[in-house]
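the sequence and its predicted three-dimensional model are supplied below.
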Amino acid sequence: MSPAAVLDSLWERAGLPGAALAFARLTGSEPVFPSSFCVGTAAQATIAAAALAACELGHQRGAPRQRVGVAMEHAAVECTGWFAIDGRTPDPWDKFSGLYRSADGWVRIHANFAHHRDGALRLLGLNPATATRADAEAAMLRWNAVDFESAAAEAGLVATALRSFQQWDATPQALAVAQQPLFSIDRIGDAPPLALQPLSLEQRPLEGVRVLELTRILAGPVAGRALASHGSDVMLVNSPQLPNIAAIADTSRGKRSTHIDLHEAAGRSAMDRLVQGAHVFVQGYRPGGLEALGYGAPALAQRRPGIVCVSLSAYGNAGPWAGRRGFDSLLQTAMGFNHAEGQAAGDGKPRPMPMQILDEATGFLMALAACAALWRQQREGGSWHVQLSLAQTAHWLRGLGRVEGGLSARPTSRAPYLETSASGFGELTAIRPSAQLERTPARYSSPSVQPGHSPPHW
C-alpha cells in the first residue's frame, strides 16, 4: 500500500471527514531504514493521521483547515526515539535484556526494570546479586522456549518465545488479535459536549484540551507528547513508587509531570480533581490495574461525563493473553517479526526491526483516536472509550506488506532533524516533530521536567 492509501484507511477507521485528506502531503518512499517491513510508511502515516486529526478538531472549533506535510525520512527518524542528555546517549537496554538460546529455540527477556530482571533470573535458578549474562545464557539452555514463556507469564514477568509468522498464526491469541480492529472508538455514556473555546487563526489546534496521561513505556508517552506538540495541556501522572526509564526525558517534552499515589486517600482526591477538569484520560497500565483502583473507563465516565478515555494494552482485550504484560521488543519476537527479518536477511539469525515501531506507531494512533473521539464528543456529546494494543498495531504493520531489498538500506541520518533544549534532566538533544503544519507549527511549548515537578492541579 502507498503511504497515502494507508493514511486514507486510518482516516476512514477514525470516522473523520474525508474532505480533510486533501490537506495532507506525504513525501518520500521506502526504504528509509534497514528493514523488510514498511516501518517508514507506518511512521509517516500514523504521524500524519494524528496531526491531521488534531487539525480537524481545531476546524471543528472554528479554525480553518491547514495543510499537513510529513516526510517519510523525518517521520522514521522521529520514531527511532533517539535522544541524548548532556551529549551522552543512554543505553536503552539492561545487560540481561535480549535474546537467549533455549533448548529448542530462542527466548527474549525484557529486563529494563529491576523487578522484571530479578524475577527472570530467579526463574532461571540464579541469584540476581551475583548472576552474569553468561550464567543466564547457560541456564536458559535447560528450558524449552514456550515453557519459559509460560512460567514467566504466570509469575507476572515479561519474556516471550521466538516464533515464525506461521507459528504465531496458529496460536489462539493470534486468532483473537486478527478479529479485532486496529483501534476502536465506542460511546460508553451520555453527556453534553464538553466546553472548548473557539480557536483563533493563530492558536494551535489542541489548545485548551486537557489530557491526563497515566502511562510509562513507550507508546503512551509518545501519544501524550504528540498531543502536547499540537497544543494540549498534558499532565503526566506518575506513581512515586514506580521506576521510570531514561526515555522519559524525551517523551516528557511539552508536558507537566506530577506524582500521585492512588493507593492513598489524598492521592485519589487529587486525581479526582484532575479528572473533573480533563477532556482526555490516557492510560497504559496492565489490563485491570486502574480498574481495580476505581479509574476504569466506565467509572471515569460517571465521574466526568463527556470524557474521552484511551486504553492501551499489549495483546488486546480478547484472547488468552489479554491480561499479559508486554513490550514492543517482546511482541516483535512473539509475533514473528524477528524471525521474518532474519529470514529476509538470508542468515536466519533473529533480528529486531530498526526501531520500536510498534510502540511509536501505536502512540501516534492513540493520538489520532483521541482526537477523533473528542471530535465526535464535540459534535454529538457522550463519553467515549478508545482501545488499542501493540499486538493490533503489529498485525496492521504486517498487513502493509514487505519491502524488497529493504534490509540493504542505509539508515537515514538524524542530524538534520535534531533540536537541543534545556530540560529537567540536563541539556536534551532529541528529534523535533516531523509533522509540518502550515499555520501552527508542531512544537513543545515547555521543556521536559522531572517526575513530580508539577503540582497536581490544572
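That came in fine, so what should we check first?

what about stretch 380-387, distance to the chain center?
20 Å (CA atoms, centre = their mean, to the nearest Å).

within its sheet, name the partner strands of the strand or helix carrying residue 185 and how each one runs.
Element membership for residue 185 (DSSP states H and E) is strand 184-189. Taking DSSP bridges as the criterion, strand 184-189 pairs within the sheet with strand 383-389 (antiparallel).

show me which residues of the strand it pairs with are buried.
Across strand 383-389, burial judged by 16 or more other CB atoms under 10 Å covers 383-389. (Glycine included, C-beta is placed from N, CA and C.)

and those residues, which is closest to residue 199?
Distance to residue 199, by CB to CB, is smallest for residue 384 among these, at 21.1 Å.

show me the contacts for the spatially closest residue to that closest one that is not a sequence neighbour.
Distances taken as CB to CB, 6 or more residues apart in numbering place residue 373 nearest to residue 384, at 4.1 Å, with adjacent residues excluded. Residues counted as contacts of residue 373 (CB atoms under 8 Å, 6 or more residues apart in numbering) are 185, 308, 310, 384, 386.

ok, residue 4 next?
24, 26.

how much space is there between it and residue 115?
Separation of residue 4 from residue 115 (CB to CB, to the nearest Å): 44 Å.

what do you get for residue 279?
Distance from residue 279 to residue 115, by CB to CB: 34 Å.

more neighbours: which of these two?
More crowded of residue 279 and residue 115, by other CB atoms under 10 Å: residue 279, with 24 against 13.

make sure the more buried one is actually in contact with residue 211.
Yes. The criterion here is CB atoms under 8 Å, and residue 279 meets it with residue 211 at 7.0 Å.

who touches both of these two?
Shared contacts of residue 279 and residue 211 (CB under 8 Å, 6+ apart): none.

keeping just the C-alphas, turn the helix or strand of the chain with the lowest mean pLDDT into PDB.
Least confident helix or strand, the chain: helix 114-123 with a mean of 93, by mean pLDDT, DSSP states H and E. Output of helix 114-123 as PDB, limited to C-alpha atoms (Å, rounded to 0.1, in the frame of the first residue of the first chain):
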ATOM      1  CA  ALA A 114      14.900  -4.300  38.200                       C
ATOM      2  CA  HIS A 115      11.900  -6.400  39.400                       C
ATOM      3  CA  HIS A 116      11.500  -7.900  36.000                       C
ATOM      4  CA  ARG A 117      15.200  -8.700  35.700                       C
ATOM      5  CA  ASP A 118      15.500 -10.200  39.100                       C
ATOM      6  CA  GLY A 119      12.300 -12.200  38.700                       C
ATOM      7  CA  ALA A 120      13.600 -13.700  35.400                       C
ATOM      8  CA  LEU A 121      17.000 -14.600  37.000                       C
ATOM      9  CA  ARG A 122      15.300 -16.300  39.900                       C
ATOM     10  CA  LEU A 123      13.100 -18.200  37.500                       C
END
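
after that helix, which helix or strand is next? Please name it.
Heading C-terminal from helix 114-123, the first helix or strand you meet, by DSSP H and E, is helix 133-140.

report the buried residues of that following helix.
For helix 133-140, burial by neighbour count (16+ other CB under 10 Å) applies to 135-136, 139-140.

tell me the contacts of residue 14?
Residue 14 makes contact with 49, 53, 185, 368-369, 372, according to CB under 8 Å, 6+ apart.

I'd like to know how far it sits from residue 355.
Distance, residue 14 to residue 355, using CB to CB: 24 Å.

what do you get for residue 113?
Look at residue 113 and residue 355: by CB to CB, they are 21 Å apart.

looking at those two, which one has more neighbours?
Here residue 113 and residue 355 are set side by side on neighbour count (other CB under 10 Å), and the busier one is residue 355, at 24 against 18.

need the pLDDT of the residue lying closest to the more buried one once chain neighbours are set aside.
Once flanking residues are discounted, residue 355 sits nearest to residue 80: 4.7 Å by CB to CB, 6+ apart. Here the pLDDT value assigned to residue 80 is 97.
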